[in-house]
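Colleague: below: sequence and its predicted model.
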Amino acid sequence: MPFAGLGLHVVIALLCAIHAVKTRQQMYWLFILFAFPLLGSLVYFFAIYLPNSRLERGAVKALGAAARALDPERELREARAALDDTPTAQNQMRLAAALLALGRGQEAAQAYERCLVGPFASDPDIRYGAACAFVECGRHAEALPHLRALQQERPEFRREEVALLHGRALTGLDRLAEARAMLEDAQQRHGSFAAKTELAIWAHAAGEAALAAQLDTELDKSSARWNRQTRELNEPLLRRLRAARGSR
């Protein structure tokens, strides 16, 4: 039995090591994982894997939505106060993210531009946030370099979200064939409601009536089973879908 347990620890460490290599983590993680298989795997899981997993992002997103419903601008006020007190790069990032969460795309883009200067310019969260802000305020061309960099340098970082945002940026530039290829690939890979919705929004924008109708039927069937919390969580996406349908 002890040998079986030891073998399991090594297998788990090996899986973590594969993830570390694929996501281009620092190579010292390989030493930690194989020198201390059990402890190293636990540390890696909580320090690296979980923060980038869809499970944690979903939980954080749900908690954030609940907090914003009670006091929509609380985080923005606190972020501004923190930046005024301590004008650090981290507090500038926090302010940019708070503006983006409130849908204030132009202000968020300006805040992220300040984050993109300096030692944190290549941080994936900053690049992704900046790309989101640029797309939200219609600066689609400026989003593309950041999205391409993420896909090439950090391919496992928010793979689905980056692909969908890339498709939105291409659509905004009327590069419709490229956008369709990007969104269809994301939908086939992930099969999520978000991926199918982005493809439906593209179909409405591109005048692909048959595809739009097919996807609308599937989306309506899925969302009909949602509870109130799930619907509120997905409201920004649903709002964009309703706008796309109304533009027909």
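Modeller: Ah, there it is. Since the structure is predicted, the reported quantities are computational estimates derived from the model, not experimental observations.

Colleague: in space, not sequence, find me the middle residue of this protein.
Modeller: In the chain, the C-alpha closest to the average C-alpha coordinate belongs to residue 161, at a distance of 4.1 Å (CA atoms, centre = their mean).

Colleague: check contacts around that residue.
Modeller: Residues in contact with residue 161 (CB atoms under 8 Å, 6 or more residues apart in numbering) are 128, 194. (Glycine included, C-beta is placed from N, CA and C.)

Colleague: surely residue 126 meets residue 116?
Modeller: Yes - at 6.5 Å, residue 126 and residue 116 qualify as touching, with contact defined as CB atoms under 8 Å.

Colleague: out of the two, which sits in the more crowded spot?
Modeller: Neighbour comparison, residue 126 and residue 116: the larger count goes to residue 126, with 21 against 16 (by other CB atoms under 10 Å).

Colleague: check which helix or strand covers that one.
Modeller: Using DSSP states H and E, residue 126 maps to helix 124-136.

Colleague: look up how far residue 161 lies from the residue nearest to residue 204 when sequence neighbours are not counted.
Modeller: Leaving out its chain neighbours, the residue that sits closest to residue 204 by CB to CB, 6 or more residues apart in numbering is residue 244, at 4.0 Å. In this view, residue 244 and residue 161 are 19 Å apart by CB to CB, to the nearest Å.

Colleague: how much space separates the residue nearest to the centre of the chain from residue 27?
Modeller: Counting by CB to CB, the separation of residue 161 from residue 27 is 27 Å.

Colleague: cool, and residue 200?
Modeller: Using CB to CB, we find residue 200 at a distance of 42 Å from residue 27.

Colleague: kindly report the same for residue 101.
Modeller: Here the criterion is CB to CB. By it, residue 101 lies 35 Å from residue 27.

Colleague: next one: residue 75
Modeller: Distance of residue 75 to residue 27, given as CB to CB: 36 Å.

Colleague: those two: who's more crowded?
Modeller: Higher neighbour count among residue 75 and residue 27: residue 75, with 19 against 9, using other CB under 10 Å.

Colleague: helices and strands around the helix or strand encompassing residue 111, which ones?
Modeller: Assigned by DSSP H and E, residue 111 belongs to helix 105-115. When contacts are defined as 3 or more CB pairs under 8 Å, 6 or more residues apart in numbering; DSSP states H and E, helix 105-115 packs onto helix 89-101, helix 124-136.
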